[in-house]
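[1] okay, structure incoming, though there's no sequence with it:
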């Protein structure tokens, strides 16, 4: 590894490519289309690895991210976010060059778009399957039918089906609990299909959060999945039960700048502006990352007691076991698995590959 | 205000300049040198406003930030972070052009620097006055004397005094509690002075967190203060007791993209990648920001019940009072005071001035 003198986000290309291939294969086996969510990595280079796995359609979370990937010749992009009507001019520009799919959750959004669109777009209606974020309740058949009817009256908006992000799977803590979320999503879409198909014909169902897509064996009426985090995974996904530490494709490498034997704490350059303040709680310890070391081609947590327990803007405090503490001196590099890889990557804005040359991979700026 | 179609960090130049002038005046009245911490704003333009208040020395938290401000002709910069010895080459380059002050907390750091420095630098020894982050305990006189002795033996390192960041003031919730932290810091430095001055002569004491610097009337033996957050303040500082809402110089403007009457929730484009996941708890509600509106030249919180209660990567959920909810429709812009302005600014990487022209102010990239 190149000498690390500043907080650096390492990306293991082999683990990442294996994660992509595994999800692509699973989608194929279940006869699902995989439209991976690119918000996790925000990188054209990682996008190339996704292309290499035979994927041609993607999901993003903002108009800017859609533009970034459209520049890289992605031709089928879903912006999985309640349509931001203030960006209609950019949406028109995008729709001239790609097949653009939006989420429309309100008749007034459809009406606004119909007045201002100059090119046709596709839309999903978002269904809230339990995450309580956005979307219509799956049993609010009246509102759903009214919205489809409003959309079908437009010239520029083509209704193609339903989208759901079952974000409540993030509070699961076992494969069994994830399976229960997935089964609930399936039941909701089966009921919805019974009510909608007779009046409006066949449609697509796109659903996909990393826990359910990683663990589920049954996808019921779901046609398309759009997980994002699976390309990297992280400690939170490990805690949920979606992955093992061997699947985690990114780790932070930080310089040790100070150490305190009496409290077994290492001070690192690596703070809230590098890791994000997303925390998790394990064995009653709330932390922002776990000390790990590369063994057998993956980053293995060194023990269950050495965590990044406190973050200021640029400082991180790692409270260590005796064994870990004695192995690190000022000037050394320490490697930490992040709690939430999406937010860490978003802050770091660049990856360093583990190819021995310190090759960097750019992200959207 | 310009039409807002994407999450935008608004900066009120008048409030910010008033905050800077107030702190500069207070420093002058107490015969203190003000070396403001630039990590909050990370902007040469805001740095110009600081220059306009007669300030010539600054504090930063990283080598990169020191380089950024050195480019803008700042000639006296303290990197208030345990010295990162891996960056010694950049430190040498910086020290050729500016008066550079570092924090050295260990004899081994001093020894390493002495071997690798090619230009003289100044150093503070960091004292941990109670924040339990980094620095030597103020009563560990043996270690402090050993470290000064080690530094004084070097050719390239000039010991100038002590630095402290009393970060434990962030857990205060009243002016009285802040005054207690300040008094404890003063007592510790008075005791330290008694032990150190007879052997090593006069030295400088630099201490400065925004709560103590905003509220304290007594600075005891402190010579220099280095607060940072005070240029913007935020909801956390308001809760601590360091400021009022009228002093908060930044606010997020976000488009409303969806709304849910049954739960009185607005969905905004504005998530963890814009606000950061720094939260605070008020009246048993944990939140990431409070809905506000510009009145009387500042952003006034609309009521005590309309907060940004949940963040995904790009989504924010605002739970509102009835009155607030009914005033916002899809496509509208909503303004939110941030919990922690430093982390929000760090994510946004650009400000928009309130000058009616949408003028943007750049930050370090």
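    Sure thing, it's come through. Note that the structure is a prediction, hence the values are computed from the model and not measured.
[2] so which residues of the stretch 151-300 of chain A form strands?
    Assigned by DSSP state E, counting those that start in this stretch, the strands in the stretch 151-300 of chain A fall at A:157-164, A:204-207, A:224-225, A:250-260, A:265-269, A:280-282, A:285-287, A:289-295, A:298-301.
[3] wait, which of these is closest to chain B?
    With Cβ to the nearest Cβ, the closest approach to chain B among these belongs to strand A:250-260: 3.9 Å. C-beta coordinates here come from the backbone N, C-alpha and C atoms, glycine included.
[4] please name the strands paired to the closest one in the sheet, noting orientation.
    strand A:8-11 (antiparallel), strand A:265-269 (antiparallel), strand A:333-338 (antiparallel) (DSSP bridges).
[5] any stretches of the stretch 201-350 of chain A with poor pLDDT?
    Judged against pLDDT under 70, the stretch 201-350 of chain A has no low-scoring part.
[6] so which bits of stretch A:129-146 are buried?
    Using 16 or more other Cβ atoms under 10 Å in any protein chain shown as the test for burial, stretch A:129-146 gives A:129, A:130, A:131, A:133, A:134, A:135, A:136, A:137, A:138, A:140, A:144.
[7] and what of stretch A:68-80?
    Within stretch A:68-80, judged by 16+ other Cβ under 10 Å, the buried ones are A:68, A:69, A:70, A:74, A:76, A:77, A:78, A:79, A:80.
[8] just to revisit the earlier point, can you redo the buried residues of stretch A:129-146 as CSV with distance to residue B:101?
    Shown next, in CSV, are those (distance: Cβ to Cβ, whole Å):
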residue, distance to residue B:101
A:129, 56
A:130, 54
A:131, 50
A:133, 47
A:134, 50
A:135, 54
A:136, 59
A:137, 59
A:138, 61
A:140, 62
A:144, 64
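[9] which one of these sits closest to residue B:326?
    Relative to residue B:326, the closest of the buried residues of stretch A:129-146 is residue A:134; by Cβ to Cβ it sits at 19.2 Å.
[10] I'd like the buried residues of stretch A:68-80 written out as TSV, with secondary structure, pLDDT and distance to residue A:119 added.
    Putting the buried residues of stretch A:68-80 into TSV (DSSP: H, G, I helix; E, B strand; the rest coil; pLDDT from 0 to 100; distance: Cβ to Cβ, whole Å) gives the following:
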residue	secondary structure	pLDDT	distance to residue A:119
A:68	helix	98	19
A:69	helix	98	18
A:70	helix	98	13
A:74	coil	98	17
A:76	strand	98	15
A:77	strand	98	14
A:78	strand	98	16
A:79	strand	98	15
A:80	strand	98	20
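[11] show me where the stretch 1-150 of chain A has its strands.
    Secondary structure of the stretch 1-150 of chain A by DSSP E, counting those that start in this stretch: the strands cover A:8-11, A:33-34, A:58-60, A:76-82, A:99-103, A:121-128, A:136-137.
[12] and the stretch 101-250 of chain A, which residues reach chain B?
    A:105, A:106, A:108, A:109, A:112, A:132, A:133, A:134, A:167 (Cβ under 8 Å from any Cβ of the partner chain).
[13] any idea how far residue A:94 is from the nearest residue to residue A:88 once chain neighbours are set aside?
    Spatial nearest neighbour of residue A:88, chain neighbours left out: residue A:116 (4.5 Å); criterion: Cβ to Cβ, 6 or more residues apart in numbering or on different chains. According to Cβ to Cβ, to the nearest Å, residue A:116 stands 14 Å off from residue A:94.
[14] between those two, which has more neighbouring residues?
    Higher neighbour count among residue A:116 and residue A:94: residue A:94, with 21 against 13, using other Cβ atoms under 10 Å in any protein chain shown.
[15] please report how far the nearest residue to that one once chain neighbours are set aside lies from residue A:266.
    Distance criterion Cβ to Cβ, 6+ apart; nearest residue to residue A:94, sequence neighbours excluded, is residue A:100 at 5.2 Å. In this view, residue A:100 and residue A:266 are 48 Å apart by Cβ to Cβ.
[16] same question, residue A:180
    Distance check for residue A:180 against residue A:266: by Cβ to Cβ, it reads 40 Å.
[17] ok, now residue A:209?
    Residue A:209 sits 34 Å away from residue A:266 when distances are taken as Cβ to Cβ.
[18] neighbour count: these two, which is higher?
    Set side by side, residue A:209 and residue A:266 show more neighbours around residue A:209, with 30 against 25, by other Cβ under 10 Å.
[19] which stretches in chain A count as helices?
    Listed in chain order, the helices of chain A (DSSP state H) span A:13-29, A:44-52, A:63-70, A:88-97, A:107-116, A:141-152, A:175-200, A:210-215, A:235-240, A:272-275, A:322-326, A:341-348.
[20] export these as JSON lines, with columns for distance to residue B:328.
    As requested, the helices of chain A are exported to JSON lines (distance: least, Cβ to Cβ, whole Å):
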{"stretch": "helix A:13-29", "distance to residue B:328": "38"}
{"stretch": "helix A:44-52", "distance to residue B:328": "36"}
{"stretch": "helix A:63-70", "distance to residue B:328": "21"}
{"stretch": "helix A:88-97", "distance to residue B:328": "19"}
{"stretch": "helix A:107-116", "distance to residue B:328": "13"}
{"stretch": "helix A:141-152", "distance to residue B:328": "20"}
{"stretch": "helix A:175-200", "distance to residue B:328": "29"}
{"stretch": "helix A:210-215", "distance to residue B:328": "32"}
{"stretch": "helix A:235-240", "distance to residue B:328": "32"}
{"stretch": "helix A:272-275", "distance to residue B:328": "30"}
{"stretch": "helix A:322-326", "distance to residue B:328": "50"}
{"stretch": "helix A:341-348", "distance to residue B:328": "27"}
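[21] ranking the strands of the stretch 1-150 of chain A by burial, who's on top?
    Using mean count of other Cβ atoms under 10 Å in any protein chain shown, the stretch among these with the largest mean neighbour count is strand A:58-60, at a mean of 27.
[22] how far away from the center of its chain is that one?
    Centroid separation for strand A:58-60 versus its chain: 10 Å, with Cα atoms, centre = their mean, to the nearest Å.
[23] near chain B, anything from it?
    No - on the criterion Cβ under 8 Å from any Cβ, strand A:58-60 is out of touch with chain B, staying 9.5 Å away.
[24] contact partners of that strand?
    The contact list for strand A:58-60 (Cβ atoms under 8 Å, 6 or more residues apart in numbering or on different chains) reads A:35-39, A:47, A:50, A:66, A:69, A:74, A:76-80, A:208, A:226, A:228.
[25] also stretch A:236-245?
    So stretch A:236-245 is contacted by A:169-170, A:172-175, A:177-178, A:210-211, A:214-215, A:229-230, A:233, A:248, A:278, A:280, A:282, A:292, A:298-301, A:337, A:339-340 (Cβ under 8 Å, 6+ apart).
[26] please check those residues and keep the buried ones.
    The neighbour-count test (16+ other Cβ under 10 Å) marks A:169-170, A:172, A:177-178, A:210-211, A:214-215, A:229-230, A:233, A:248, A:278, A:280, A:292, A:298-299, A:301, A:337, A:339-340 as buried among the contacts of stretch A:236-245.
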